[in-house]
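**Student:** Okay, here's the prediction I keep looking at, along with the sequence it came from:
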Amino acid sequence: MQINKEYHSWLEACACLYLLSPLLLFFLLFASIPLAIVGGGFIGLAAWDICKGSQRLACTLPAGGYLAATTFAIVWLITTGSFGFFFQGSDWFKHFAVLNFLAGSQDGLYVTSGPEVLRYSIGWYLVPGLVLKYTDTGWQTAISGLWSLIGVGLFFGLLIARAGDTRRAFLAPVVFALFSGADIVGYGLTGFQRGPSGHLEWWAGWIEYASNTTSLAWVHQHAIPAWLMIALLMRQLERPTMLPHMALLFAATLLWSPLVAMGLLPF
């Protein structure tokens, strides 16, 4: 397939930089000097090429529409536990543990003393962890919430750009937030439920296909890169200007979430 010379949008470029920034930090902060130079330089050149190939394309929605989408993203994040105003699930103990470790660590990504091991994908945590390292860990809820807001806001922007008309553009973020997985079908067929009352998404016992809102509440570190990557891939159907960088973006997704990378591989 011949790649056309049309530019991609600033939103697409920003989404790529968002996904690549943890990988860049990983090389610069935790790799050996030769690897940091090679890996960091390669990512930096790719980021420069992505930015150079972007331009401000015609908006499908007035500025007020994007403001409305951003406001909705803030409300959605707050009600699902980010920023600490509403209930935060038990997974937030793990989120805060990883952020505090990255903010306080002087010896890299792991420690050798003590019997405990915390092993986890660190893509979502690296940028807020670095900010917390030079500010105050008491800001962890606000800074991590802002980092997630940037990701969700970029995704909503890409979603709006595909909507086609003003009415669809306004409805797209709301429909996406309310969209559920297929669990209600499984629950209806089996009647099996695991976990808290009303938690219909654990009907299979060992796995769940969660709704978008549930994913944002419990596994935003997996959900946000998945949404952004799918949105970027869909844009390539119309303007395949980002194809030369997809392998690097996929590598960055591995740092965010190997599970998401496995799901993206067929696409």
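**Tutor:** Happy to help now that I have it. Residues are numbered from 1 along each chain as shown.
**Student:** pLDDT weak spots in the protein?
**Tutor:** 1-7, 55-65, 105-118, 164-165, 181, 193-200, 205-208 (pLDDT under 70).
**Student:** All the strands of it, in order from the start?
**Tutor:** Assigned by DSSP state E, the strands in the chain fall at 8-9, 54-55.
**Student:** most neighbours per residue, which of the ones you listed?
**Tutor:** Mean neighbours per residue, mean count of other C-beta atoms under 10 Å, is largest over the strands of the chain for strand 8-9, with a mean of 22. Every C-beta, even on glycine, is put in place using the N, C-alpha and C of the backbone.
**Student:** Just the helices from the stretch 51-200 of the chain, written as ranges.
**Tutor:** Ranges of helices in the stretch 51-200 of the chain, per DSSP state H, counting those that start in this stretch, are 63-79, 91-104, 123-133, 140-163, 166-178, 183-190.
**Student:** orientation of the second one relative to helix 123-133 in degrees?
**Tutor:** I take that to be helix 91-104. Helix 91-104 and helix 123-133 meet at an angle of 50 degrees, taking axes from the mean of the first three to the mean of the last three C-alpha atoms, to 10 degrees as the criterion.
**Student:** same question, the first one
**Tutor:** With the same axes, to 10 degrees as the criterion, the two stretches helix 63-79 and helix 123-133 enclose an angle of 90 degrees.
**Student:** List the buried residues of helix 63-79.
**Tutor:** 65, 66, 68, 69, 70, 72, 73, 74, 76, 77, 79 (16 or more other C-beta atoms under 10 Å).
**Student:** And it, how far out from the chain middle?
**Tutor:** 16 Å (C-alpha atoms, centre = their mean, to the nearest Å).
**Student:** contact partners of that helix?
**Tutor:** 59, 83, 85-86, 145, 148-149, 152-153, 156-157, 160, 166, 169-170, 173-174, 177, 213, 216 (C-beta atoms under 8 Å, 6 or more residues apart in numbering).
**Student:** Of those residues, which count as buried by neighbour count?
**Tutor:** Buried among those by 16+ other C-beta under 10 Å: 83, 145, 148-149, 152-153, 156-157, 160, 169-170, 173, 177, 213, 216.
**Student:** Let me know the closest of the residues you listed to residue 183.
**Tutor:** For the buried ones among the contacts of helix 63-79, the minimum distance to residue 183 (C-beta to C-beta) is 12.7 Å, reached by residue 213.
**Student:** how near is that closest one to residue 179?
**Tutor:** Distance of residue 213 to residue 179, given as C-beta to C-beta, to the nearest Å: 9 Å.
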